[in-house]
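**Q** I would like the atomic coordinates for the input below:
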Amino acid sequence: MQTLPKSRLLRFVEEAFHLAQRAVSQYSSKYSKQRYTLHQHVVLLCLKVRKNTTYRTLLDELIEMPRIRNAINLTELPAPSTLCKAFDRLDMAVWRVLLNLSVSLLPTNGVAGIDASGFDRSHASKHYTKRTKLTIQQLKITLLVDTRANAILDLHVTTTRKHDTQIAPSLINRNAAEIRILLGDKGYDDQQIRALARENEIRPLIKHREFSSLQKAWNARLDAELYGQRSQSETVNSQLKRKYGAFVRSRRWWKQFRELALACIVHNLDRAL
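**A** Numbers count the residues shown, from 1 in each chain. Down below sits the predicted model:
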């Protein structure tokens, strides 16, 4: 019998399963019912984000996907509430480990762009919110993106109006070993950021705000070809919204943070394929 080729979805599931096996233990504790593994939970949560769907719809579709179920040794489908509780138990540290592992699947070059974007915290229609005079609050997500593979190296999420210059230092410090050159727009124009980058042996290519002829001259001397790669950060922000949704489904802020981290992992896995 001829073997069917593997679909992109099946290869995605296999890669996610392999990462999960490296990142987390098989069960959450020795007292677990051991009906489903954490590896299976991680893959199903990744699959939910990749398909931009709900728990119930995902599980309904999996009924007709025996090859996907076999790939993660899933003999019985969990209830939607089981996946929801699994997402609650897996904290942000686990998703950060998975994000770091997903980066290792891609050929990065150490040239990273930093950029921020907003995600709606509600999926109510604009017509409804305007009619009821509601204000949709947004999450601010800042991505550190490798410009060669469009891999998301790290993310920072906040519910406040924190300025870009206050966010950048933590991303630089966490990823100093993986960055050679840091690209940023005028929002990151701060001498302390440049100094911090140089302390970590990172070359900062950040545009200056032009208040004088000297600052205009500094901008004119920037390596235009290298700085032009900064647009990859904007591209990745756009891809996240187009492929996985421009809003977060969770209602609690800590689950919203995890949801965005999970979207970054799924993005990297998709890029690796």
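
**Q** Please compute how far the lengthiest helix in the chain lies from its chain's middle.
**A** The helix spanning the most residues in the chain, taking DSSP state H as the definition, is helix 253-272. On the basis of CA atoms, centre = their mean, to the nearest Å, helix 253-272 sits 4 Å off its chain's mean C-alpha point.

**Q** and if you look at stretch 184-193?
**A** A distance of 23 Å separates the centroid of the chain from that of stretch 184-193, by CA atoms, centre = their mean.

**Q** and what of stretch 201-221?
**A** 29 Å.

**Q** Also stretch 89-96?
**A** Here stretch 89-96 is found 13 Å from its chain centre; the criterion is CA atoms, centre = their mean.

**Q** Check which residues of it are buried.
**A** Counting neighbours by 16 or more other CB atoms under 10 Å, one finds that the buried residues in stretch 89-96 are Leu90, Val94, Trp95, Arg96. (Each C-beta comes from the backbone N, C-alpha and C, glycine too.)

**Q** Can you give me the buried ones in the longest helix of the chain?
**A** Buried residues in helix 253-272, defined by neighbour count with 16+ other CB under 10 Å: 256-272.

**Q** what's the answer for stretch 14-33, then?
**A** Glu14, Glu15, Ala16, Phe17, Leu19, Ala20, Ala23, Val24, Ser28.

**Q** now, which of these sits nearest Thr57?
**A** Ranked by distance to Thr57 (CB to CB), the buried residues of stretch 14-33 are led by Ala16 at 18.6 Å.

**Q** distance of the closest one from Ser102?
**A** 9 Å (CB to CB, to the nearest Å).
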